[in-house]
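**Q** starting from these lines, generate the structure:
(chains A and B)
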Protein chains: 2
Amino acid sequence: MSWIDPHIRDVPDFPKPGIIFKDITPLVQNADALKRAVDEMAALFDPSSYDQIVAIESRGFIFGCAMGYRLGKGCTLIRKQGKLPAETMACEYALEYGSATVEIHKDGLEAGQRVIIVDDLLATGGTVEAATSLCRKAGGDVVGSAYLIELGFLDGASRLDAEVRALRTY
Amino acid sequence: MSWIDPHIRDVPDFPKPGIIFKDITPLVQNADALKRAVDEMAALFDPSSYDQIVAIESRGFIFGCAMGYRLGKGCTLIRKQGKLPAETMACEYALEYGSATVEIHKDGLEAGQRVIIVDDLLATGGTVEAATSLCRKAGGDVVGSAYLIELGFLDGASRLDAEVRALRTY
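**A** Below you'll find the model as predicted:
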């Protein structure tokens, strides 16, 4: 049992039958829980070990940008294809059925910049694996990735070659 | 001239020919600019005049959730159709061609809760008009809306019946 649990809602059959979705919106709606989650996520990695936060669209923006504000770090955005307006680099990755593409601005990171990738939840790790690849293409050094929740039974961490840390593992 | 201007990039012909897109990602990537923007947006309305922040997907999450962290307020999310997992209320609104639908969770607000709506940029106001309607359906009292940028020449504020405040008007 973690303090987080009462703020996470299990929604059955979303986005499709058989999936139990971990809904984080009750946590984000609660002022104290939002503050505590951002503070604790900001403490998952030593802030002196990285320079910049990379936030994944769109729930990663919630935590990543508040962590950036909290720690005095900038946030680079990784978005779905076609959303970033300037010159981008893209990475396609496999989904259960089909594929998806994420993008980063070509000037999203500086050469050698040390980053952590932030998202709300680590599931199979496909998006973060693609995000890691994009950060490296853009010149970044990926120190690790930070989450509110890790779905340990999906073993996404095994696909990622940098440190994975989460506030709560199910 | 505002301190914000050097951090906003004009991208011509995005998302379609003839549009000059105001790209906020350089501001978000810059630690000092992100911090200053969140602090100044948090000061646009007296924090004692409202209880909760309503953040619009997805660039509204960047500023809205950091403001919530900064001010010790919770954030309720308004998302595009099909993204919120629990029971929702929806509002459709007209676009130049066709329409779009945004949603809020039915339990996203408490009865009588005073809110400000946060997004990165106010353009024609269609999305925020729909968001205002959703907040009211969910029982909220809309005190106003806060933006990093207002495109004054599109006159979105004239469609909104609550106070509109932005850090920078073009």
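**Q** now for the strand or helix carrying A:R36, which elements pack on it?
**A** Assigned by DSSP states H and E, A:R36 falls within helix A:31-42. Contact here means 3 or more C-beta pairs under 8 Å, 6 or more residues apart in numbering or on different chains; DSSP states H and E; on that basis helix A:31-42 packs against helix A:25-29, helix A:59-71, strand A:141-150, strand A:163-169, helix B:59-71. Glycine gets a C-beta too; all of them are placed from N, C-alpha and C.
**Q** pull the CA atoms of that helix into CSV?
**A** Below are the C-alpha coordinates for helix A:31-42, written out as CSV (Å, rounded to 0.1, in the frame of the first residue of the first chain):
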residue,chain,number,x,y,z
ALA,A,31,-3.8,19.6,-4.7
ASP,A,32,-1.9,17.8,-2.0
ALA,A,33,-1.4,14.6,-4.0
LEU,A,34,-0.2,16.5,-7.1
LYS,A,35,2.3,18.4,-5.0
ARG,A,36,3.6,15.3,-3.3
ALA,A,37,3.9,13.3,-6.5
VAL,A,38,5.9,16.1,-8.2
ASP,A,39,8.2,16.5,-5.2
GLU,A,40,8.8,12.8,-4.9
MET,A,41,9.3,12.3,-8.7
ALA,A,42,11.7,15.2,-8.6
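**Q** closest to B:D141 out of the helices and strands packed on helix A:31-42?
**A** helix A:25-29 (16.2 Å; C-beta to C-beta).
**Q** quick check, the closest one touching chain B?
**A** Yes. Residues of helix A:25-29 contacting chain B under C-beta under 8 Å from any C-beta of the partner chain: A:25, A:28-29.
**Q** what residue lies at the spatial centre of chain A?
**A** A:D119 (1.7 Å; C-alpha atoms, centre = their mean).
**Q** could you find the closest non-adjacent residue to that residue?
**A** Nearest non-adjacent residue to A:D119, counting by C-beta to C-beta, 6 or more residues apart in numbering or on different chains: A:G60, 4.0 Å away.
**Q** list the contacts of that neighbour.
**A** By C-beta atoms under 8 Å, 6 or more residues apart in numbering or on different chains, the contact set of A:G60 is A:78, A:117-120.
**Q** for the closest residue to A:D13 other than its chain neighbours, give me the pLDDT.
**A** Excluding the flanking residues, the one nearest A:D13 by C-beta to C-beta, 6+ apart is A:I19, at 6.6 Å. What the model reports for A:I19 is a pLDDT of 92.
**Q** to what extent is A:I19 buried, counted in neighbours?
**A** Residues within reach of A:I19, counting by other C-beta atoms under 10 Å in any protein chain shown, total 13.
**Q** correct me if wrong: the residue nearest to the centre of chain A contacts A:V54.
**A** No. Using C-beta atoms under 8 Å, A:D119 is not in contact with A:V54, being 9.5 Å away.
**Q** what is in contact with the two at once?
**A** Common neighbours of A:D119 and A:V54 are listed as A:G64 (criterion: C-beta under 8 Å, 6+ apart).
**Q** these two touch, right, A:L122 and A:A131?
**A** No. In this structure A:L122 lies outside contact range of A:A131 using C-beta under 8 Å: 11.3 Å.
**Q** now the common contact residues for the two.
**A** Joint contacts of A:L122 and A:A131 (C-beta under 8 Å, 6+ apart) do not exist.
**Q** now render the contacts of A:G60 as CSV, adding secondary structure, distance to A:V38 and pLDDT.
**A** Formatted as CSV, the contacts of A:G60 follow (DSSP: H, G, I helix; E, B strand; the rest coil; distance: C-beta to C-beta, whole Å; pLDDT from 0 to 100):
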residue, secondary structure, distance to A:V38, pLDDT
A:I78, strand, 19, 98
A:I117, strand, 16, 99
A:V118, strand, 10, 98
A:D119, strand, 14, 98
A:D120, strand, 12, 98
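**Q** which of these are buried?
**A** A:78, A:117-120 (16 or more other C-beta atoms under 10 Å in any protein chain shown).
**Q** count of neighbours near the closest residue to chain B within chain A?
**A** Taking C-beta to the nearest C-beta, chain B has its nearest neighbour within chain A at A:S58, 3.6 Å off. By other C-beta under 10 Å, 23 other residues sit near A:S58.
**Q** how much space is there between it and B:R168?
**A** 23 Å (C-beta to C-beta, to the nearest Å).
**Q** how about A:I24?
**A** On the measure of C-beta to C-beta, A:I24 and B:R168 end up 31 Å apart.
**Q** the more surrounded of these two?
**A** Between A:I24 and B:R168, counted using other C-beta under 10 Å, the more crowded position is A:I24 (24 against 18).
**Q** what's the nearest residue to that one if we skip its chain neighbours?
**A** Spatial nearest neighbour of A:I24, chain neighbours left out: A:D120 (5.4 Å); criterion: C-beta to C-beta, 6+ apart.
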